[in-house]
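Q: Got a sequence here, can you model it:
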Amino acid sequence: PIIFLLSFLTSLALFGDKAKPNDTPNANTVQLAILLDTSNSMDGLIEQTKTQLWKIVNEMARSKRESIAISLYVALYEYGNDGLSPTEGFVRLVTPMTNDLDKISEELFKLKTNGGSEYCGTVISEAIKDLKWTKGTDDYKVIFIAGNEPFNQGEKDYKEACKSAISKGIIVNTIYCGNYDEGVHSF
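A: Reported below is the predicted structural model:
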């Protein structure tokens with residue numbers, strides 16, 4: 001979908017080759033958190049979405065900063081699945097930050113849909129709070145949240161969650177899975 005592509009290109013443009021690494025050994029650290037809606041509304045979209053998200057991971061893994069390969073760490077969350085704990089906001093950390101991309105791929109492609117309580121503010125807040133984000137200001141930290149429901153569901157305000165991310169130097173990219181017009185007008 002067009003929205004997916006625009007979101008991805010925006011993130012890559014922000015990373016690009018223009019950023020300068022710091023003097024630490026891990027100067028080229030990139031942290032990427034994938035937050036995937038696994039509610040039933042994603043039934044017809046989930047496989048394509050997982051494939052597109054994996055393309056982002058692969059593109060990031062091949063990225064360079066100042067001609068030096070990056071160190072990519074990826075985390076994976078699922079949200080909106082009624083098989084998850086309601087006391088946890090229907091959110092589950094599948095895999096914490098890791099550079100084991102085989103593990104991420106395995107876990108991503110195992111995810112299945114069930115039910116539907118898609119709380120975007122909750123999953124963004126959990127990712128910010130629970131993941132071990134680096135403190136370095138030169139590190140690239142990004143969240144890709146993919147789903148097909150309005151962002152304003154649940155008790156946690158997505159706007160506050162996004163402000164919190166920004167204050168920690170984390171970019172939040174939204175990916176609407178589905179028809180462009182529906183995504184633009186879903187509020």
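Q: all contacts plus neighbour counts: C-alpha atoms, from now on.
A: Noted.
Q: Show me the contact partners of the host helix or strand of A165.
A: Element membership of A165 [criterion: DSSP states H and E] is helix 158-167. By CA atoms under 8 Å, 6 or more residues apart in numbering, the surrounding residues in contact with helix 158-167 are 120-122, 124-125, 128, 151-152, 171-172.
Q: Pull out the buried residues from that helix.
A: Counting neighbours by 16 or more other CA atoms under 10 Å, one finds that the buried residues in helix 158-167 are 158, 161-162, 164-165.
Q: which neighbours does the next helix or strand after that helix have in its sheet, and in what orientation?
A: Taking DSSP H and E as the definition, the helix or strand that follows helix 158-167 towards the C-terminus is strand 170-176. Strand pairing for strand 170-176, using DSSP bridges, gives strand 140-147 (parallel).
Q: The longest helix belonging to the chain to strand 140-147, inter-axis angle?
A: If each helix of the chain is counted by residues according to DSSP state H, the longest one is helix 46-61. The directions of helix 46-61 and strand 140-147 differ by 170 degrees, with axes from the mean of the first three to the mean of the last three CA atoms, to 10 degrees as the criterion.
Q: Which other helices and strands does helix 46-61 contact?
A: Based on contacts counted as 3 or more CA pairs under 8 Å, 6 or more residues apart in numbering; DSSP states H and E, the elements that helix 46-61 packs against are strand 71-79, helix 101-110.
Q: Name the stretch among these that sits most buried.
A: Mean neighbours per residue, mean count of other CA atoms under 10 Å, is largest over the helices and strands packed on helix 46-61 for strand 71-79, with a mean of 23.
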